[in-house]
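Asks: Quick one, what's the 3D model for this:
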Amino acid sequence: MFSEEKVNKLVAEISDNYASEELFLVKDGSGMPNRDCIKHIIFEIRRIMFPGYFDSENLSNTLPQYFVGHNIIRLHKELACQIKAALVQQASEENRLSDIEEKAEQIATEFFMSLSEIQRKLIKDVQAAFDGDPAAKTKHEIIFCYPGLFAIFVYRLAHELYKRKVPFIPRIMSEYAHSHTGIDINPGAQIGEYFFIDHGTGVVIGETTIIGNNVKIYQGVTLGALSTRSGQLLRDVKRHPTIEDDVTIYSSASILGGKTVIGKGSVIGGNAFITESVAPGTRVSVKNPELSFTDKNNKNKDKEIFD
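Replies: Reported below is the predicted structural model:
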């Protein structure tokens, strides 16, 4: 029976845990950033980046200048509020609230001023998907349906905030996209233009990864670290590979290590495991395994087929 005595004992124990560990206590006067608000900002910016695709109203009856201006002013205020909440949590006691508010406003302004450049890159990403996927019937289908494009879109937003050292929010954005698409792109990664993720499920792109222009990767690809055993000692150390321009990486390939460079124009075959640099123009493939087939009617007789 869950008696009053047991309830009181449990409450006392949990309260003691609160008191003994400071990570349970957020800063006074401000809560953590609101996840639902940040997701709302993502979807509202998507409406601006791709007007007409994600709206319940017909935007052909709305002046573009009014639509963009009205929404950006509203979203700027919402984002500045969330940035302020994030900054407060990592501010020292010497930081004045007025200074934090001013910094949050400045970061939010810089972020929204970058939207036209983000949109320009996204248009190229859509083109890359269309050019690289024969199953794509139209660019409209890519914008409306493809999880890879959504993951890239969220990454490009999160990266702008990451560059400005905003805590929490870039990771909230990227982890939402991760849960929604199965594609895990750390907001710290540097990704060039005309980028395409085909299918996408299981893709992992680490924080210090550098990806050039015109790169195409398939599902299950990992661009990761050789080891994270040293933990926080590896912070600010390049742990993830560099992928130069015009590279294609096929499904389930793993490319690991901060010193690993995949040279321009290379093709990395499926299931490859790479921990050393690859010269430009190289084709890397895993030797086809031997397949063995057993006749059910004669279990002692194997038929081997080689490719």
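Asks: Pull out the buried positions in the strand or helix carrying N71.
Replies: Element membership for N71 (DSSP states H and E) is helix 64-90. Neighbour counts over helix 64-90 (16 or more other Cβ atoms under 10 Å) mark 67-68, 72, 75-76, 78-88 as buried. Backbone N, C-alpha and C define where each C-beta goes, glycine included.
Asks: Of these, just say which sits nearest to E141.
Replies: F67 (23.5 Å; Cβ to Cβ).
Asks: Hmm, D55 and the closest one touching each other?
Replies: No. Between F67 and D55 there is no contact under Cβ atoms under 8 Å: 9.2 Å.
Asks: Widest-spaced pair of the buried residues of helix 64-90?
Replies: F67 and V88 (32.5 Å).
Asks: can you give me the end-to-end distance of stretch 128-143?
Replies: 12 Å (Cα to Cα, to the nearest Å).
Asks: if I look at F54, how far off is R120?
Replies: Here the criterion is Cβ to Cβ, to the nearest Å. By it, F54 lies 19 Å from R120.
Asks: In terms of neighbours, single out the busier of those two.
Replies: F54 (14 against 10; other Cβ atoms under 10 Å).
Asks: nearest spatial neighbour of that one, skipping sequence neighbours?
Replies: Once flanking residues are discounted, F54 sits nearest to R47: 5.3 Å by Cβ to Cβ, 6 or more residues apart in numbering.
Asks: Restricting to C-alpha, output the helix or strand hosting that neighbour in PDB.
Replies: Per DSSP H and E, R47 falls inside helix 35-49. Only the C-alpha atoms of helix 35-49 are listed here, as PDB (Å, rounded to 0.1, in the frame of the first residue of the first chain):
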ATOM      1  CA  ARG A  35      10.700  23.300 -27.200                       C
ATOM      2  CA  ASP A  36       7.200  23.700 -28.500                       C
ATOM      3  CA  CYS A  37       7.900  27.400 -29.300                       C
ATOM      4  CA  ILE A  38      11.100  26.500 -31.100                       C
ATOM      5  CA  LYS A  39       9.300  23.900 -33.200                       C
ATOM      6  CA  HIS A  40       6.700  26.500 -34.000                       C
ATOM      7  CA  ILE A  41       9.400  28.900 -35.200                       C
ATOM      8  CA  ILE A  42      10.900  26.100 -37.400                       C
ATOM      9  CA  PHE A  43       7.500  25.500 -39.100                       C
ATOM     10  CA  GLU A  44       6.800  29.200 -39.500                       C
ATOM     11  CA  ILE A  45      10.200  29.900 -41.100                       C
ATOM     12  CA  ARG A  46       9.500  26.900 -43.400                       C
ATOM     13  CA  ARG A  47       6.300  28.700 -44.500                       C
ATOM     14  CA  ILE A  48       8.500  31.800 -45.400                       C
ATOM     15  CA  MET A  49      11.200  29.700 -47.100                       C
END
